[in-house]
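K.L.:
Predicted model and sequence follow; I will ask about them next.
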Amino acid sequence: SKVNAAVYQDVLEHFMLPAADQLYGDADFIFQQDLAPAHSAKATSTWFKDHGIPVLNWPANSPDLNPIENLWGIMKRKMRYARPNNAEELKATIRATWALITPEQCHRLIDSMARRIAAVIQAKGAATKY
C-alpha cells in the first residue's frame, strides 16, 4: 500500500518499537529518518513525542547521511545476477538476499554516521563519497 502517515506509524508501532526494545532495552537511542512526507507529518512527529523517542534532525536534500542507501547498494550487488520471473520470485529473492545481510554490516554502517555527518559538513551539503 501507499505509505502515508497512518501506515508509517502503524509500522513504527508494530515493528520499530519491538525491534528497538530488543536492541536497546531501556537505553536511550535517537531514531533516524529522512523527510519523506509520512515521516515529517505532524501526526508522526506527535507519535514520536508521545512515545518519548527523539528523532535526528534531518537536513533537506542530504541522502548522503543515510546508511540505508549503502545497504540498498549491498542488496543490489548481491542480487545482480538474480533473474526472477515474476513478482513472487522477486519478493522471495529480496527476502533471501536481505537474510544474508549480517549484523556486523549494519553495525559498520551505523558506526560510520559520525564520519558521514562530518563529510557532509565539510562538503557544505554537497555530495560525498558516502
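P.N.:
Nice, I can see it.
K.L.:
so what's residue 82 up against?
P.N.:
Applying Cβ atoms under 8 Å, 6 or more residues apart in numbering, we find residue 82 in contact with 93, 97. Quick note: C-beta positions are derived from backbone N, CA and C, even for glycine.
K.L.:
Show me the shaky parts of the chain.
P.N.:
Residues of the chain meeting the criterion pLDDT under 70: 62-64.
K.L.:
For the residue most central in space within the chain, give its distance to residue 5.
P.N.:
Centrality entry for the chain: nearest residue to the mean C-alpha point is residue 68, 4.9 Å, by Cα atoms, centre = their mean. For residue 68, the distance to residue 5 (Cβ to Cβ, to the nearest Å) stands at 20 Å.
K.L.:
What of residue 117?
P.N.:
Using Cβ to Cβ, one gets 27 Å for the distance from residue 117 to residue 5.
K.L.:
Excluding chain neighbours, give the residue nearest to residue 106 in space.
P.N.:
With sequence-adjacent residues excluded and distances taken as Cβ to Cβ, 6 or more residues apart in numbering, residue 106 is closest to residue 71, at 7.3 Å.
K.L.:
Check residue 6 too.
P.N.:
In space, residue 6 comes closest to residue 43 once its chain neighbours are excluded; the distance is 7.5 Å by Cβ to Cβ, 6+ apart.
K.L.:
Following the helix or strand that neighbour falls within in sequence, what is the next regular element?
P.N.:
Of the helices and strands defined by DSSP states H and E, residue 43 is found in helix 42-50. Tracing the chain past helix 42-50, the next element assigned as helix or strand by DSSP H and E is helix 67-78.
K.L.:
Cool, thanks, talk later.
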